[in-house]
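>>> my questions concern the predicted model and sequence given below.
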Amino acid sequence: MQKVLIISGAVVLTIGLLWPWLSKLPLGKLPGDIFVQSYKYSFGFPIVTCILISIILTILMNVWK
């Protein structure tokens, strides 16, 4: 459990340090992502982005395992 907490903390720290560059990636704005905007509310559901991240994480976990 300690190892998992240390690794997750390191990942969060790395993402935080790289955020200025990561925010420029088109994640959440890919074709197929759903975004509805009205004058009172907005709703976004990045389904294609979620699928892409899931595939990448699955490949990385299988290589790492």
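Now that the structure is in, tell me what you want to look at.

>>> as a quick check, tell me the outermost residue of this structure.
Largest separation from the mean C-alpha position in the chain: Tyr39, at 27.2 Å (C-alpha atoms, centre = their mean).

>>> remind me, longest helix of the chain?
Counting residues, the longest helix found in the chain (DSSP state H) is helix 2-22.

>>> where in this structure is pLDDT low?
Along the chain, no part satisfies pLDDT under 70.

>>> residues contacting the most centrally placed residue in it?
For the chain, Ile53 is the residue whose C-alpha lies nearest the centre (C-alpha atoms, centre = their mean; 6.1 Å). Residues near Ile53 by C-beta atoms under 8 Å, 6 or more residues apart in numbering: Leu27. Every C-beta, even on glycine, is put in place using the N, C-alpha and C of the backbone.

>>> what are the phi and psi angles of it?
phi -60, psi -40 (degrees, to the nearest 10).

>>> thinking again about what came up before, looks to me like the residue farthest from the centre of the chain is in a strand.
No. Counting by DSSP: H, G, I helix; E, B strand; the rest coil, Tyr39 is located in no strand; its state is coil.

>>> show me what the longest helix of the chain is packed up against.
Counting contacts by 3 or more C-beta pairs under 8 Å, 6 or more residues apart in numbering; DSSP states H and E, helix 2-22 is packed against no other helix or strand.

>>> centre of the chain versus that helix, how much separation?
In terms of C-alpha atoms, centre = their mean, to the nearest Å, the gap separating the centre of helix 2-22 from the centre of its chain is 13 Å.

>>> list the buried residues of that helix.
For helix 2-22, a neighbour-count test (16 or more other C-beta atoms under 10 Å) marks nothing as buried.

>>> what's near enough to touch the residue nearest to Leu30 when sequence neighbours are not counted?
Excluding its sequence neighbours, the residue lying closest to Leu30 (C-beta to C-beta, 6 or more residues apart in numbering) is Val48, at 4.6 Å. Val48 makes contact with 30-33 under the criterion C-beta under 8 Å, 6+ apart.

>>> Val36 now?
Counting by C-beta under 8 Å, 6+ apart, Val36 has contacts 42-44.
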